[in-house]
Every structure is written in structure tokens, then in C-alpha cells.
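Asker: Coordinates for the following, if possible.
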Amino acid sequence: MVRNQIDYILCSQRWRSSIQSAKTRPGADYGSDHELLIAKFRLKLKKVGKTTRPFRYDLNQIPYDYTVEVRNRFKGLDLIDRVPDELWNEVRDIVQETGIKTILMEKKCKKAKWLSGEALQIAVKRREAKSKGEKERYKHLNAEFQRIARRDKKAFFNDQCKEIEENNRMGKTRDLFKKIRDTKGTFHAKMSSIKDRNGMDLTEAEDIKKRWQEYTEERYKKYLHNPDNHDGVITDLEPDILECEVKWALESITTNKASGGDGIPVELFQILKDDAVKVLHSICQQTWKTQQWPQDWKRSVFIPIPKKGNAKECSNYCTIARISHASKVMLKILQARLQQYVNHELPDVQAGFRKGRGTRDQIANICWIIEKAREFQKNIYFCFIDYAKAFDCVDHNKLWKILQEMGIPKHLICLLRNLYAGQEATVRTGHGTTDWSQIGKGVHQGCILSPCLFNLYAEYIMRNAGLEETQARIKIAGRNINNLTYADDTTLMAESEEELKSLLMKVKVESEKVGLKLNIQKTKIMASGPTTSWEIDGETVETVSDFILGGSKITTDGDCSHEIKRRLLLGRKVITNLDSIFKSRDITLPTKICLVKAMVFPVVMYGCESWTVKKAERQRIDAFELWCWRRLLRVPWTARRSNQSILKEISPGISLEGMMLNLKLQYFGHLMRRVDSLEKTDAGRDWGQEEKGTTEDEMAGWHH
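Answerer: Residues are numbered from 1 along each chain as shown. Now for the predicted structure:
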């Protein structure tokens, strides 16, 4: 019998001497005329050690034995005038030892094996038929295997859908959305290899960990030009910490969050109630008095999250810090003591991480400013500033001086200074964690105090840039405004290109004085009038016609139709991703409707408070909603069925457009209760003659 050899192995010349033999193995069963090709190599490979999985408690089943034993051991602790680090180490050991002994470990979710034993038996027979060359029998067995495999997969998926339905019926929202994610599948980028500083690929586990440690030490290296001469002790103390503050802080910490370096989740303290409050109050009070923090509370575990760009570059990752959950109690108390000073110092143009404010405020303000500029026939120029690694470049010594200038009590500054002194961090990679590295600058993304500290840092830049005194501005309801900020995202605005450039250069100079540098590649100019090419430090600042601000598209003409179309497309994408769930017959229609309202409509409605919805946009929104309902009912577009019959069967209660109107009315009431924001809604009355025939139509659309 003549057979064609169509299978080969390509090998580099370097490894040719390692090949001992190569041959085919007829009979391998994988539905192809190719044969399994086997080559025998002789290589000396390095043994790769298996990374140890961190111990994760099954927090759904914390036994009563745990609370009894921990409470009994807490009673033997000496809580009076103890060194915070020593006392915390004793508490940590008690909780860890008792938890490991009494609480079960969370089971690792393995990939479900949905193939039945019947299917596996047929697969064995199919393989035998192929090896014997019985083509007809092989063809029959292959068809039978495919049929049974489809049946098994469908049965497995139906079981998953029944669990989704049961979780929804029982009101277990967390389990519901977790099961949805598991069923539809989500992509998680893996850090298989990274590049070193010379651009060479690193694949060895130890090399990858060393590279991450090297990058962390370089990124957070302390500034040497301004040494810290602080002695570390303040005698003029603020009022003592109360037990009720500790109780409030402990109860307010969000559950089901990944633990820090000590591996103790907050649930292990919360279940102890008053016993945990008493012990944590003693540690917090001693820290408050001595201004010395437990070393565990100064340690962080960095989790690299990939951003845009090449995933092999360490600089294209955002490092999120996981901190000790017990330290969050002290940090929340410290944040509450700081908040009154922060609120007094921050202007109303800063909306980042502030109570009652958010991204929708910035989106709405800029949209309304653009609308009023067009209404009164005025040019307006925007500059959207982006800082390079803003949170990671905060100079600690400059931060303490800024806090002192802004009237923060010395005791609180000393606590913050000692918290950041001697900080350490490790990076968790796919091959384990790195060695501990010293952190000399930056505020961690993931720390409770970071947002308010950075807000004060950014406000100092704006004050020193003299933006309030400059003539470059726009006049809104009798106020002069030239910037809007959301944490590190700053938007500058002016009525001419020269004024905007002057503002940008002032902010750039003051930012560099405190260690922040502009990312010129991501800094954009958007203007309704003529512009020229800008160059800063040899790089050209790009001029754009639209910009994504806080997740919403802003255009030069202020037309919301572009953003509405974009939002509807994003909603369609969510529906498509959940298609397997919405098509399942094991999930009831009411559950599917709840999922659409919970997972699809919020994506579409984001930022709708500032939309001017006209007739054409209303029709698009209604068409999208009916498209969703028809997809749930499996009604094809060719079916001659009226929209009224669809709505009657679905009974949504309130339409998507009605939900948007409710959000607008809620936001309007929110603005009415805030005087400063109400002034912004009445923008531009001093800008001159308005363009006739536009105001009523545009304003009417907002109310619709």
C-alpha cells in the first residue's frame, strides 16, 4: 500500500543534534488525513517549581468554633500600652492559626467535565476503528460521538442556566452574576513573558520576577533631592479614637474583597463583632498615640493589571495595591478626620472621589458649556491633560509640605508621614511573588487615603499655576472658570488658542516642580475654532474633533447623537456577549428581562443626564429596546408582529426612554439641592447675543 508522507517537523539548525528519531503513528483519532508525527528529543530542561496557591478561606461557612476560640484567645491579650507592631503580630497569629485550623479552604473551581462516560467509550471505539483502517465504521462512530457530545454539552449548559434561574429566584445577586460570568466565559490576559529593560523577552519564572522587582524599585525610587528630616513624633495630639469609630469603620469595609499580604479577610474580624472592635481599637489607639504603624500595615501586594499597548512591557501595566484589611479600619478613621479639611480646601470644579459628585458632573458641565458656546456664537478651546503615572510620581516630602500649607493638623500629617516611611511592596505574578521592595514615592491605587491626598496635591498645582488670577477663562453665570478636574484628569478651557496655551504651560511648569510630567502623546486639544500646530518639548499636541471623557464621547459641536449611537452599539455588544444565556429555554422570561435591565440598559444610559435627546434619537432608543425584547422572545425581524404585542408580552413596566427621563429628573433634583452646580446649569448668559431659533429646540430636547 502506497502512502504519501505529508507530515514533517521543522527544526532549527541549533537543535538538530538533539533529535534522536522522528516517525508517524497511524491510527491517532482526530478526524483528519494527517497522521500523528512523533519526534524524540534529548534535552536537559530546568525543573519548574509549582507556585503555591495562597490559602483562601471559605467565607460562606465560617464555623462557630472559630469565633469561640478566637474570642477566648483574645481575652488573654494584654491590650494596655503595647507597641502597635507587637500587639498586631499577636492578633494576626491568633486569627491566622485559628482560621487555618477551623475554616475550610475555598475549593478551586475546576473546568467542568461535561462529556459523559458513553461519549468517552465511543471515542475509544472510534480510535480503534481508525487505527484498523475501517473507514465506514469510523465514519459512523464519529457521527455518533458528535451527536452525543452535543447532547452532553447542551445538558451541562442547561444545568448552568437552571442555577442562574435559581440564584435569581433566591435573590443571590452575587452568585447570579458570578455564574453568568462563568457561563459566558471571560478572557484573562496571562503574563507568560515580559521584556527586560533592553527589550529582550524573558520567559523563565525567576527572570520575570526579578524584572518586576527591578521595575518596581525603579518606578518607586525615592527622590534624593529633598531629604526628609522629620523626627517622627508629635506631642500635640488630636482627640483620641473612640470605639464607636472603630465599629463604624469595621462595619463599613466592603466584604468579598481580596486580602492583603497577611491573608486575613475582613470577614474574619467582622464576625467577631465587639471582641474584634475592642482589640482593633487598642491597636488603633496605640498607633494614634505613638504615631508608629505595624509593619504589616505598611506592606502592599501589587497586582499588575494590563492596560493598552504591548502586554510584555511592564510600563503598560497598572499596579493595584492590596493592603491589610485590618489596616483599613485605621485608614478609614484617619480619612474621616481628614475629610473636613479636604472639603474646605477643594474647589467645586474638582469632582474626583468626592461625596455627591462623579464623572457625570464633568460630562454634563462640559456638554452644557459647549452648547452655550454655540448658542451665543463663541469659540471655545479645550485641553484634556493626561499625566504620566500620576499617582506613582507623588513626592512624599512635597506632599507633607502641601498638607501643612493647607492647614492639616500636624498630628495627622505625622501619622501619614510615618505610614509612608519604610513602606514595602511585592508584585504578584503568575509565577509567584517577588521579594519585598522599598517604596519611596507615590500614593498607591487601592489605598483608602490615596484619592483625597492626590486631590490636595492636584489642587496645589492649580493654585500655584495662578489659574484663578489669570485672564484666560470663560465666564459662566458671573463666574470665571478655566478648568474642571476629576482627580488627575484635568480639563483646561479658554476662549482663544493663545489663552489655552498659556494655561497649559503654567500647569506644566507647576506640575514638574512637584514631580508630575505631562504625557504629551495622550494630551489632546479640542476646539470649535481655528487652531495651529502645538509643540511642547519637541512633541506635537494632537488636535481632535472628539474625545472620550470619563467614558463618554465629547464632540466639538456638542451634538449628543454621536454618543447616543455609540452607547446603543455598546448595548448591542453586551446583548451579543450574553446571547447564549438569553437564548436558553431553561431561564424564564422574567429572569431574562431582569438581566437586560441590570446588565444592558445601564451601559446604554451612562451619561444620559446631559443628553439633548431629539426625535431621531428617541426613535433609535425605542428601536434598540424593542430589538432587545424581540431577541429575548426569539422573534426574527422578518416576522410580521407589531411592537405593541411585543411590549404586551414582555410587560417591562417602564421603557428605556422612561428610565433615562427618571435619571435626568433625579440629577436635576440633585443639582437643585446644590447651589454651586445650579450656577453651572445656567451657563453663558454673559457671552453675548444668542443665535436665533436654536434655544427652545435644544432646551426642549433635554426635558424630553
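
Asker: burial of residue 91, as a residue count?
Answerer: 24 (other CB atoms under 10 Å). In short, each C-beta sits where N, CA and C put it, glycine included.

Asker: Next, the contact list for it, please.
Answerer: Applying CB atoms under 8 Å, 6 or more residues apart in numbering to residue 91 gives the contacts 74, 77, 279, 283, 326.

Asker: Was I right to think the fourth one contacts residue 294?
Answerer: Yes - using CB atoms under 8 Å as the test, residue 283 is close enough to residue 294 to be in contact (7.1 Å).

Asker: A helix includes residue 183, no?
Answerer: Yes - the assignment for residue 183 by DSSP: H, G, I helix; E, B strand; the rest coil puts it in a helix.

Asker: ok so, going back, hey, what's in contact with both of residue 283 and residue 294?
Answerer: Common neighbours of residue 283 and residue 294 (CB under 8 Å, 6+ apart) are 84, 87-88.

Asker: if we can go back for a sec, farthest-separated two in the contacts of residue 91?
Answerer: 77 and 326 (14.5 Å; CB to CB).

Asker: which of the two has more neighbours?
Answerer: Counted by other CB under 10 Å, residue 77 and residue 326 do not tie: residue 326 has more neighbours, with 29 against 15.

Asker: which residues sit in contact with the more buried one?
Answerer: Residues counted as contacts of residue 326 (CB under 8 Å, 6+ apart) are 88, 91-92, 262, 264, 266, 269, 280, 283, 296-297.

Asker: and what of residue 532?
Answerer: By CB under 8 Å, 6+ apart, the contact list for residue 532 reads residue 497.

Asker: What values do phi and psi take at residue 25?
Answerer: With angles defined as degrees, to the nearest 10, residue 25 sits at phi -120, psi 90.

Asker: What's the separation between it and residue 35?
Answerer: The gap separating residue 25 from residue 35 is 7 Å, by CB to CB, to the nearest Å.

Asker: So the two - more neighbours on which side?
Answerer: Applying other CB under 10 Å to residue 25 and residue 35 shows that residue 35 carries more neighbours, namely 17 against 10.

Asker: helix or strand for the closest residue to the more buried one other than its chain neighbours, which one?
Answerer: Nearest residue to residue 35 in three dimensions, chain neighbours excluded: residue 24, at 4.2 Å (CB to CB, 6 or more residues apart in numbering). Here residue 24 sits within strand 19-25, counting by DSSP states H and E.

Asker: Off-centre distance for that strand?
Answerer: Remark: strand 19-25 is offset 50 Å from the chain centroid, using CA atoms, centre = their mean, to the nearest Å.

Asker: ok, the contacts of residue 91 vs residue 411, which is closest?
Answerer: Nearest to residue 411 out of those is residue 283 (CB to CB; 17.6 Å).

Asker: Quick check: which element contains the closest one?
Answerer: Counting by DSSP H and E, residue 283 is part of helix 274-290.

Asker: Quick one: name whatever helix or strand follows that helix.
Answerer: Remark: after helix 274-290, the chain's next helix or strand is strand 299-306, criterion DSSP H and E.

Asker: on contacts alone, who are the packing partners of that following strand?
Answerer: Other elements packing on strand 299-306 under the criterion 3 or more CB pairs under 8 Å, 6 or more residues apart in numbering; DSSP states H and E are strand 317-323, strand 423-429.

Asker: Each with direction, which strands does that strand pair with?
Answerer: strand 317-323 (antiparallel), strand 423-429 (parallel) (DSSP bridges).

Asker: Run through who's touching the first one.
Answerer: This points to strand 317-323. Defining contact as CB under 8 Å, 6+ apart, one finds that strand 317-323 is touched by 216, 258-261, 297, 299-307, 311, 331, 392, 425, 427, 444-447.

Asker: could you list every residue that touches the residue nearest to residue 35?
Answerer: Remark: with contacts taken as CB under 8 Å, 6+ apart, residue 24 is in contact with 5, 7, 35-38.

Asker: State the distance from residue 117 to residue 148.
Answerer: Note on residue 117: its distance to residue 148, by CB to CB, is 10 Å.

Asker: Could you check which of those two has the larger neighbour count?
Answerer: Taking neighbours as other CB under 10 Å, residue 117 and residue 148 compare with residue 148 leading, 18 against 8.

Asker: ok so, going back, avg pLDDT for the strand holding residue 24?
Answerer: Strand 19-25 shows a mean pLDDT of 82.

Asker: Quick check: which ranges of the chain have low pLDDT?
Answerer: Where the chain drops to pLDDT under 70, the residues are 1-4, 27-31, 45-54, 108-113, 185-191, 224-232, 471-473, 476-479, 675-704.

Asker: and it, what are its domains?
Answerer: The chain is divided into the following domains under automatic domain parsing: 114-185, 561-673.

Asker: Tell me which other helices or strands the strand or helix carrying residue 457 touches.
Answerer: According to DSSP H and E, residue 457 maps onto helix 450-464. When contacts are defined as 3+ CB pairs under 8 Å, 6+ apart, helix 450-464 packs onto helix 325-345, helix 396-405, strand 483-486, helix 497-513.

Asker: Name the nearest of the contacts of residue 326 relative to residue 67.
Answerer: Lowest distance from residue 67 to the contacts of residue 326 (CB to CB) belongs to residue 269, with 10.9 Å.

Asker: What count of nearby residues applies to the closest one?
Answerer: By other CB under 10 Å, 22 other residues sit near residue 269.

Asker: With adjacent residues omitted, what lies nearest to it?
Answerer: For residue 269, ignoring the flanking residues on the chain, the nearest one in space by CB to CB, 6+ apart is residue 276 at 4.3 Å.

Asker: so the one you found touches residue 267, yeah?
Answerer: No - Residue 276 lies out of contact with residue 267 (CB under 8 Å); the separation is 10.7 Å.
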